[in-house]
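Engineer: Sequence first, then the predicted structure:
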Amino acid sequence: MLPLRKMGFFPTGFGYGFSNKKIYALKDTAYYEVAESQVEISDLAVFDKNFSWIIGAYGLMLAPQQDPLAIQIPKDRFFDFREYSMANLYGMAVLQNRPGAASRLHFVKTGNANLVCEAQNFLNSLNWADHAANLNLAGATTYNDRQLSDGAHPTNYDQAVTTGDLNGDGLDDIVVTGMYGHPFVYFNSGHDYYYDATVYSGLKSWGDIRQRPMLANLFDADHDGDLDLFIACQYQSNAFFINNGCGKFTEVTQAAGLSTEGGGIGGYVADFDGDGWEDLYVTRVNRPNLLFRNLGPDSLTGIPRFVDASAASGEACWSSLKSSQGAAIADYDNDSDFDLFVCNLLTGNRLLQNDGKGYFTDATARAGLAGNDQSAGATFFDADNDGDLDLIVANKGFERLYKNQGDGRFIEFSKHLDLGGVFSDARVNTSRQFGGNSSGTLAFDVDDDEDLDVLVGNYDVGLFTFRNGLNTPNSAIQIFPEGIVSNRSAVGAKVFLYESGKMGDPAGLVSLRMIESANSYGCSPAKVAHFGVDPEKTYDAKIIFPSGIAREARGLRGGERRVVLELEGLQASVIKARRTLANLLGGYRSRERYAVLLLGLMLLAITLIIGKKNLGLSSYDQKILAALFSAGLLICLILWFAPGQREFVLRPLAVSLGLTWLAIFLLRNKRLYQARPASMEMLQMRLNAFGHGTLIHQLMNRFALYEENFEPGDELPAAAKIKFAEVIAGLLHFLQNEIRAILSYQYGNNFAMDLALRLENIWSKLKKALARQLKTGEKLDKVRLTDITTLLDQLRELVPSIQKRLNTQYQTDASIAIADFIQQGRHSTIRFAATPNLPAAQITPADLVYVLDELAQNARRHIDGHPAQIDINLQRSLDELHLDVRDNGKGIPENLWEEIFRPGFTTKAGGEGGFGLYHARQRIEKYGGKIFVAASELGKGTTMRICLKTKI
């Protein structure tokens, strides 16, 4: 005989049995050994979904379907238990934004600082680092810090935490509620730091000991794309706040129909009646629980409307349920609606089965759950990745783990939490041995191995962690919905998983999950839909967002993590950009931004005014500097993280101002010390070109002629219109080049800035008028033409004024310059005479010496074999200095007196040269002077006269 201790069969007749350590496969009357365990086997359970559990001394083994080859050797335990030294815990939260991103665990402690630790490796070591202070999430450090100044009344006593994106930036923010004071709101900066935004949120002035706020929940009650806030209050009415989209809340409890007489502990949200709007279930003490049905926002006020549907909710709000604490919401029976598990302290827990229309039936006994526990929190989760939702319950006493059989019934497997050996240890707190005080529960894949681990907070002892030892590769699919039109955290989104090819078929539904902001007792789970699956199969998912938009994800396999966006492409980008802009203009720190922009505008204006008047900044420079200042300001405001308010305001101003002045210094250094000599020469050339440029003046004169002869109402012939347009285009082109060059050299050398500003102002008006006239084409306006002519006349007058001012910059004592030329060149053949007390000449010494040297060389080349003799005579004539250079050469024929200044004219053999006198005349004329042949006699010599302007 086969000594089997227990047998179990599938409907097909295939089954399993076991002796002490051996496992047998059974079929009809045949059997064979398939495995031998290293631990003693204690129990066997076979389910109608073609899998079985074989229980070892400390753990269980899963045999999927009817395949004995899939049997695994039982592990020592299913959950690995550890206790962490974190007492006085209530709420817990998973801080995670995207798959693959580093996750953190946030623990709310009463009477002490809150804690935050990294999830990675948290279960591997009892030594963990607290990051709460660095993240600005510690809250008050001691219970005494939470007292009023008189020390008699506590101002806060943290109870719970809920998370979600409050301001539409795609990052989960945090709300921490306290029993004796206002909530705390923390905005995620995205830089490993949370801003304390309690004052900004409008919640700083709400909540005190008379209300006793308890647990909170975030959900989008009006489907406007942001998360609203519900806070259950024990002593007075619950409170409900709507969000303005930027994380600023306004209380609308009464207007929303959510006023109550108190007793509130927690608010739990789901679309219980299937109408697309999230309803609200409120647990209470000393009073029956309440169910509020969401009717959507009021058409006039936009405020969400709720109606008390408790009387029509069946057994969900029976009078016996009046010592309720936390609750868990899930579709445990896989019928596509959300059921409730309600924790009670006095009358026992209740499993409430939903009929899909918001009517609940007590299914506690029928489901095989204990009805006499005293519990605070519970969580539905898939412990073994079989697709069904199991249940962990935190009790006053030992925790309970229930395995979902898939037919609406549960089997208790609490022993596989591995608590027996731990609680027999005398070192554990005595109260826990006889029934302790557990609070919140959190199911989360802490170690990132595809199975869900469990954390249980305790008030009297440390944190309990139960590490899942399933370790089956590719046994779970994780879906991360991301809202675009809906709230960015996708809270309230429903995720349906189907067998591949059976989308929408109830028979093909594997399971349903919902994205929640809060559950259990004061806990906030990860925003992920976790499904246990068969590694060999493929699946399809349908995600219905709160907005009603449905998205599909097909071809999913075990081990896959999929982010599903509500919208994609340009439309999604526009919505995100709109929310970002709303945050910048009206969100947290928007007032500081306005202050920075106002102060920045003032500083920029002052800088540009100083730069233009005193430092020679051109209009082009000002545009560059304004762009640089603005870019620095905006980059600092938007991208550079600043925890403190003072730093947030002052740093952008300091950085932008510093960059601007550095740019000014570099521009000035380059222009003043590198380009000044050349640019002054170029300015002189440009002014001469403008004053003597034939084409420019021809165009200006032609325009004036058109304007003078044009009368209002006249119609120009087509050919004339074309010619006139050519004149305007030519004017615009040539004037733009010349004026821009003149201004550039003026600003670069800080020269005649008053005239430069006038020139820029005239040119700005003239350029716009010409461009406008050219753009309008055939439409001629006499008034506009007259204005352009007036501006052209002002331009004609101003450019010579600049040239005159420039000429005064070049003052040379001609007597000294000539004497130095003769001495340094050792010109013994040159005799020099000058009248005394001569004024300075308007020319540079270098240019004067260049011209004299050219004349001296020409004289020496044209002496017919006798000694050269050159006489230089300098005297004053009215406002000029006349410099006569007379030689004893062979003379110049009168018909060549002007020809010799023509470029290329030469008498040298071979025709080389011919540019010396041409360049000499150019240098003299750029200062307003003249050079010409005063007299010449063949065979006796030539007298060249240079006329130089003087400063009167």
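Structural biologist: Alright, I've got the coordinates.
Engineer: got the residue ranges for the strands in the stretch 501-650 of the chain?
Structural biologist: 509-514, 529-532, 538-544, 550-557, 561-565 (DSSP state E, counting those that start in this stretch).
Engineer: and if you look at the stretch 201-350 of the chain?
Structural biologist: Listed in chain order, the strands of the stretch 201-350 of the chain (DSSP E, counting those that start in this stretch) span 213-219, 228-233, 239-243, 249-251, 264-270, 279-284, 290-297, 304-308, 324-330, 339-344, 350-354.
Engineer: you'd agree residue 856 is up against residue 872?
Structural biologist: No: Residue 856 is beyond contact range of residue 872, at 9.2 Å (criterion: CB atoms under 8 Å). No exception for glycine: its C-beta is placed from N, CA and C like everyone else's.
Engineer: Quick check: bridge partners of the residue lying closest to residue 553 once chain neighbours are set aside?
Structural biologist: Distances taken as CB to CB, 6 or more residues apart in numbering put residue 541 closest to residue 553, at 4.4 Å, once the chain neighbours are dropped. Taking DSSP bridges as the rule, residue 541 bridges to residue 497, residue 553.
Engineer: residue contacts, residue 541?
Structural biologist: Applying CB atoms under 8 Å, 6 or more residues apart in numbering to residue 541 gives the contacts 477, 479, 495-498, 529, 552-554, 556, 562, 564.
Engineer: Can I get those residues in TSV including pLDDT, distance to residue 309 and neighbour count?
Structural biologist: Rendered in TSV, the data for the contacts of residue 541 read as follows (pLDDT from 0 to 100; distance: CB to CB, whole Å; neighbours: other CB atoms under 10 Å):
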residue	pLDDT	distance to residue 309	neighbour count
477	96	35	26
479	96	31	23
495	98	26	24
496	98	25	23
497	98	29	25
498	97	31	22
529	96	27	25
552	96	32	12
553	96	34	19
554	96	37	13
556	96	36	22
562	94	36	16
564	96	32	20
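Engineer: ok, and what's touching stretch 509-516?
Structural biologist: Residues contacting stretch 509-516 (CB under 8 Å, 6+ apart): 269-270, 329-331, 334, 336, 338, 382, 387-389, 479, 481, 489-499, 502, 524-525, 527-531, 533, 539.
Engineer: Hmm, I typed the wrong one, I wanted stretch 320-327.
Structural biologist: So stretch 320-327 is contacted by 215, 265-266, 268, 281, 283-289, 340-347, 350, 375-378, 439-440, 519-522 (CB under 8 Å, 6+ apart).
Engineer: out of these, which are buried?
Structural biologist: Among the contacts of stretch 320-327, those buried by neighbour count (16 or more other CB atoms under 10 Å) are 215, 265-266, 268, 281, 283-285, 287-289, 340-345, 347, 350, 375-378, 439-440, 519-522.
Engineer: Give me whichever of the strands of the stretch 201-350 of the chain is most buried.
Structural biologist: Each of the strands of the stretch 201-350 of the chain was scored by mean neighbour count; the highest is strand 213-219, a mean of 29, by mean count of other CB atoms under 10 Å.
Engineer: how many other residues sit next to residue 523?
Structural biologist: Residue 523 is flanked by 32 other residues according to other CB atoms under 10 Å.
Engineer: what does residue 702 give?
Structural biologist: A count of nearby residues for residue 702, using other CB under 10 Å, gives 17.
Engineer: Not counting its neighbours along the chain, what's nearest it?
Structural biologist: Closest residue to residue 702 apart from its sequence neighbours, by CB to CB, 6+ apart: residue 727 at 5.1 Å.
Engineer: tell me the mean pLDDT over the host helix or strand of the one you found?
Structural biologist: Using DSSP states H and E, residue 727 sits in helix 718-749. For helix 718-749, mean pLDDT is 79.
Engineer: same question, stretch 660-674
Structural biologist: Averaged across stretch 660-674, pLDDT comes to 71.
Engineer: likewise stretch 881-897?
Structural biologist: The model assigns stretch 881-897 a mean pLDDT of 91.
Engineer: any residues in contact with both of residue 856 and residue 872?
Structural biologist: Joint contacts of residue 856 and residue 872 (CB under 8 Å, 6+ apart) are 830, 885.
Engineer: And the helices in the stretch 301-450 of the chain, which stretches?
Structural biologist: Using DSSP state H, counting those that start in this stretch, the helices of the stretch 301-450 of the chain run over residues 364-367, 420-423, 430-433.
Engineer: brain fart, the stretch 601-750 of the chain
Structural biologist: Counting by DSSP H, counting those that start in this stretch, the helices of the stretch 601-750 of the chain are 619-638, 645-673, 676-692, 694-709, 718-749.
Engineer: what distance separates the fourth one from the middle of the whole chain?
Structural biologist: When C-alpha coordinates are averaged (CA atoms, centre = their mean, to the nearest Å), helix 694-709 and its chain have centres 56 Å apart.
Engineer: likewise stretch 85-105?
Structural biologist: Distance, stretch centre to chain centre, for stretch 85-105: 24 Å (CA atoms, centre = their mean).
Engineer: Now it: buried residues?
Structural biologist: Quick answer for stretch 85-105 (16+ other CB under 10 Å): 86-97, 99, 103-105.
Engineer: same thing with stretch 833-848?
Structural biologist: Of the residues in stretch 833-848, 834, 839-845, 847-848 count as buried by neighbour count, 16+ other CB under 10 Å.
Engineer: still on that earlier bit, show me what the helix holding residue 727 is packed against.
Structural biologist: For helix 718-749, the packing partners by 3 or more CB pairs under 8 Å, 6 or more residues apart in numbering; DSSP states H and E come out as helix 619-638, helix 645-673, helix 676-692, helix 694-709, helix 753-776, helix 782-807.
Engineer: Now for the residue nearest to residue 702: which residues touch it?
Structural biologist: Neighbours of residue 727 in contact, by CB under 8 Å, 6+ apart: 699, 702-703, 706.
Engineer: which among the residues you listed gets closest to residue 823?
Structural biologist: Nearest to residue 823 out of the contacts of residue 727 is residue 699 (CB to CB; 49.7 Å).
Engineer: This structure - how does it break down into domains?
Structural biologist: Per the record, the chain has its domains at 6-70, 79-476, 477-573, 589-670, 676-807, 814-949, by automatic domain parsing.
Engineer: of the ones you listed, which approaches residue 579 most closely?
Structural biologist: Nearest of the domains of the chain to residue 579, taken as CB to CB: domain 79-476 at 3.8 Å.
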